[in-house]
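A.B. asks: sequence below, structure please.
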Amino acid sequence: MLEEIRQQPASLARTLSAELRHIEQLKRALEGRQPKLIVLAARGTSDNAAQFGRYLLEITTGIPVSLAAPSIYTLYKSDVHLRDALVIGISQSGESTDTNLVLERARAQGALTIGITNEGSSAMARLAQEVFLVRAGREKSVAATKTYTGQMLALYLLAYALGGDIRIEDLRRLPDWTAAALKLETQISGLCERYRFMERAVVVGRGLNYANAYEFALKLMETCYVITERFSSADFLHGPIAMVEPSFPVFLFAPPGVTSRSMREMLSKLRKLKAETIVISDGPSEQATRSIRVGRKLPELYTPIPYIIPAQIFAACLAMQKGLDPDRPRTLTKVTRTL
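C.D. replies: Purely as a prediction, here's the structure:
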């Protein structure tokens with residue numbers, strides 16, 4: 001897992017280089033006929049990437065985005081009218097049965113379908129009309145890391161193709177910003193020792209980093225067996241904050257930008273409750289118990305990929321502190337097929 005975390009700058013650069021021509025072709029094809037609705041279908045870590053895509057696409061393009069509920073097709077046997085939608089399936093392996101079923105039904109109705117996967121020979125790659133490959137190389141660890149950030153990069157490219165306010169030159173900087181975040185590994189490894197006996201936690205994010213709260217929580221659950229809830233800072237105030245007591249661990253993604261005020265207010269409330277707060281941000285926070293600083297101040301739009309890197313490292317290192325193997329979580333396999 002740690003080795004694959006370290007591979008992300010290279011895999012991001014490779015994906016961007018390989019898919020730029022394709023995305024320019026799609027951009028030209030979509031000019032003048034933007035979809036009225038986008039539907040994203042995914043499971044697990046890929047579903048967290050889809051959650052990021054929902055925020056990114058709505059913020060940058062203004063097109064409404066829905067997250068598919070595959071059980072509507074698989075269990076309830078209902079039809080959803082997708083003819084005028086753009087339907088995007090996201091899967092590391094491309095073999096997620098229910099995600100592929102959503103794509104299959106949408107294409108049969110005449111919808112434009114796109115697949116984002118790491119496997120060019122997968123069922124998803126055969127089903128979708130357009131396929132964007134995450135050039136991450138084989139991912140051996142059950143806990144997905146480099147495919148998650150690769151999927152996020154593919155979603156930036158799709159936002160660009162749909163006319164979103166995304167600059168390719170900014171995307172070219174993402175590998176370097178990611179490499180800078182990797183330099184925190186020694187610091188984070190040392191920090192993890194403090195949380196060796198942590199059994200429960202909360203992760204808070206908002207806006208573009210809300211998906212990272214879900215992904216960090218998933219990594220803590222699947223590799224460290226820590227019971228981890230995840231919330232937006234707004235939802236957390238509507239009840240769940242009542243569970244916080246002194247020394248309760250709360251991790252927060254606090255990038256600069258429009259969400260920073262709400263995160264500062266959240267930190268202030270948590271400090272009064274004497275919670276143990278660990279903040280991933282671009283600078284120190286006087287109100288936090290611990291700060292993990294990603295370095296330079298980045299535009300909020302491009303923070304999600306660099307900001308998930310410290311969280312991935314933390315989960316991998318904490319698992320090892322607990323004497324666990326993060327590459328082989330109990331009861332899990334790399335490809336999960338659900339209906």
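
A.B. asks: domain ranges for this protein?
C.D. replies: 2-177, 183-321 (automatic domain parsing).

A.B. asks: which one of those lies closest to residue 328?
C.D. replies: Checking these against residue 328 by C-beta to C-beta gives domain 2-177 as the closest, at 6.2 Å. The C-beta positions use only the backbone N, C-alpha and C, and glycine is treated the same way.

A.B. asks: all helices for the stretch 101-250 of the chain, in order.
C.D. replies: Taking DSSP state H, counting those that start in this stretch, the helices of the stretch 101-250 of the chain run over residues 123-127, 146-161, 168-182, 185-192, 210-224, 233-236.

A.B. asks: could I get the domains of the chain as a markdown table with mean neighbour count?
C.D. replies: Formatted as a markdown table, those follow (neighbours: other C-beta atoms under 10 Å):
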| stretch | mean neighbour count |
| --- | --- |
| domain 2-177 | 20 |
| domain 183-321 | 20 |
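
A.B. asks: can you add distance to residue 328 and give the ones you listed back as JSON lines?
C.D. replies: Below are these laid out as JSON lines (distance: least, C-beta to C-beta, whole Å):
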{"stretch": "domain 2-177", "distance to residue 328": "6"}
{"stretch": "domain 183-321", "distance to residue 328": "10"}
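
A.B. asks: will you turn these into CSV that also has mean pLDDT?
C.D. replies: Below are the domains of the chain laid out as CSV (pLDDT from 0 to 100):
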stretch, mean pLDDT
domain 2-177, 94
domain 183-321, 93
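
A.B. asks: pretty sure residue 199 contacts residue 226?
C.D. replies: Yes - contact criterion C-beta atoms under 8 Å: residue 199 and residue 226 qualify, at 6.2 Å.

A.B. asks: got the helices of the stretch 101-250 of the chain as JSON lines, with distance to residue 16 columns?
C.D. replies: Formatted as JSON lines, those follow (distance: least, C-beta to C-beta, whole Å):
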{"stretch": "helix 123-127", "distance to residue 16": "19"}
{"stretch": "helix 146-161", "distance to residue 16": "6"}
{"stretch": "helix 168-182", "distance to residue 16": "6"}
{"stretch": "helix 185-192", "distance to residue 16": "23"}
{"stretch": "helix 210-224", "distance to residue 16": "20"}
{"stretch": "helix 233-236", "distance to residue 16": "31"}
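
A.B. asks: mind checking those helices for the one nearest to residue 307?
C.D. replies: For residue 307, the closest of the helices of the stretch 101-250 of the chain is helix 210-224, at 5.9 Å, according to C-beta to C-beta.

A.B. asks: that older thread, and the domains of the chain: which comes nearest residue 327?
C.D. replies: Ranking those by distance to residue 327, with C-beta to C-beta as the measure, places domain 2-177 first at 4.4 Å.

A.B. asks: now do the end-to-end distance for the closest one.
C.D. replies: End-to-end distance of domain 2-177 (C-alpha to C-alpha, to the nearest Å): 18 Å.

A.B. asks: cool, stretch 128-146 as well?
C.D. replies: One end of stretch 128-146 to the other measures 22 Å (C-alpha to C-alpha).

A.B. asks: centre of the chain to that stretch, how far?
C.D. replies: Centroid displacement of stretch 128-146 relative to its chain, using C-alpha atoms, centre = their mean, to the nearest Å, is 13 Å.

A.B. asks: biggest helix in this structure by residues?
C.D. replies: helix 8-30 (DSSP state H).

A.B. asks: what's whatever helix or strand comes next after that helix packed up against?
C.D. replies: Using DSSP states H and E, the helix or strand that follows helix 8-30 in sequence is strand 37-41. The contact analysis (3 or more C-beta pairs under 8 Å, 6 or more residues apart in numbering; DSSP states H and E) places strand 37-41 against helix 44-61, strand 65-67, strand 85-91, helix 97-108.

A.B. asks: any chance of the ones you listed in JSON lines, plus distance to residue 6?
C.D. replies: Formatted as JSON lines, these follow (distance: least, C-beta to C-beta, whole Å):
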{"stretch": "helix 44-61", "distance to residue 6": "18"}
{"stretch": "strand 65-67", "distance to residue 6": "31"}
{"stretch": "strand 85-91", "distance to residue 6": "23"}
{"stretch": "helix 97-108", "distance to residue 6": "28"}
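
A.B. asks: residues in contact with the residue nearest in space to the middle of the chain?
C.D. replies: Centroid check for the chain by C-alpha atoms, centre = their mean gives residue 49 as the closest residue, at 3.8 Å. Applying C-beta atoms under 8 Å, 6 or more residues apart in numbering to residue 49 gives the contacts 42, 90, 116, 148, 151-152, 155, 211, 215.

A.B. asks: cool, thanks, talk later.
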